[in-house]
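Could you work out the structure for the sequence below:
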Amino acid sequence: MKIPDIAFTAAIIVFAGLGIGFLARRRGQSFWAWFVFGTLIPVVALPCLFFTKSKQKPDEPPPAGMLPLATLSFLAIPALFGVRVLSAPATIPPYDGYFAQSDLKNVVANSPYGKAGLAIVTLTDIKEVSRSPTEAKCLAKARMSDTNIVSMYYRFFIEAEQVLIEAHWH
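Numbering: from 1, shown residues only. Down below sits the predicted model:
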């Protein structure tokens with residue numbers, strides 16, 4: 001499940017406006033004016049709010065519950081980003097990218113040969129043989145820790161919403 005972009009953006013805007021509006025109300029200012037300002041330009045509204053003089057009378061306590069509401073509103077923003085990241089679908093990495101190479105080195109290191117001391121030192125002549133949305137097949141020359149240069153065939157594939165790697169070399 002992926003949160004649609006428009007709904008995500010609207011939720012961020014509304015929570016920013018609510019947080020700024022609640023803080024403004026705590027400082028004795030108009031909730032609605034600061035809510036609108038906070039939804040339109042939150043990065044300007046928040047500093048402006050703190051640089052304007054509070055209209056709260058010194059002998060009056062601030063309105064109850066405004067600070068917790070502001071805090072919850074602002075905490076909702078990183079929570080929404082977290083939900084968005086966690087709901088993102090698994091994707092196949094670029095075949096010649098750092099993460100693909102690093103993951104391939106980890107696969108070899110965790111194999112029975114890797115546990116016996118074999119490791120990939122460098123990868124060269126990396127080529128993508130085929131690609132689909134759920135699989136990428138690749139070839140490369142690998143210099144191994146035992147000084148041999150081997151041909152590697154490996155593939156990245158998605159299974160059960162996880163990116164997996166299968167590698168063979170000779």
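
C-alpha from now on. contacts and neighbour counts both.
Noted.

per-domain residue ranges of the chain.
5-86, 98-169 (automatic domain parsing).

would you turn these into a markdown table with distance to Ile92 and mean pLDDT?
Output for these, formatted as a markdown table (distance: least, CA to CA, whole Å; pLDDT from 0 to 100):
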| stretch | distance to Ile92 | mean pLDDT |
| --- | --- | --- |
| domain 5-86 | 16 | 91 |
| domain 98-169 | 6 | 92 |
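
ok, Gln101 - contacts?
By CA atoms under 8 Å, 6 or more residues apart in numbering, the contact list for Gln101 reads Tyr95, Leu123.

quick check, distance from the helix or strand encompassing it to the centre of its chain.
Element membership for Gln101, per DSSP states H and E: helix 98-110. Here helix 98-110 is found 21 Å from its chain centre; the criterion is CA atoms, centre = their mean, to the nearest Å.

Also stretch 96-109?
Averaging C-alpha coordinates over stretch 96-109 and over its chain gives two centres that are 20 Å apart (CA atoms, centre = their mean).

Alpha carbons only: can I get it in PDB?
C-alpha atoms of stretch 96-109 as PDB (Å, rounded to 0.1, in the frame of the first residue of the first chain):
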ATOM      1  CA  ASP A  96      26.500  -1.300 -11.600                       C
ATOM      2  CA  GLY A  97      25.600   0.800  -8.500                       C
ATOM      3  CA  TYR A  98      27.400   0.800  -5.200                       C
ATOM      4  CA  PHE A  99      24.600  -1.100  -3.300                       C
ATOM      5  CA  ALA A 100      24.300  -3.800  -6.000                       C
ATOM      6  CA  GLN A 101      28.100  -4.400  -5.800                       C
ATOM      7  CA  SER A 102      28.100  -4.300  -2.000                       C
ATOM      8  CA  ASP A 103      25.200  -6.700  -1.800                       C
ATOM      9  CA  LEU A 104      26.900  -9.100  -4.200                       C
ATOM     10  CA  LYS A 105      30.100  -9.000  -2.200                       C
ATOM     11  CA  ASN A 106      28.100  -9.800   0.900                       C
ATOM     12  CA  VAL A 107      26.500 -12.800  -0.800                       C
ATOM     13  CA  VAL A 108      29.900 -14.200  -1.600                       C
ATOM     14  CA  ALA A 109      31.200 -13.400   1.900                       C
END
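
Many thanks, I have nothing further to ask.
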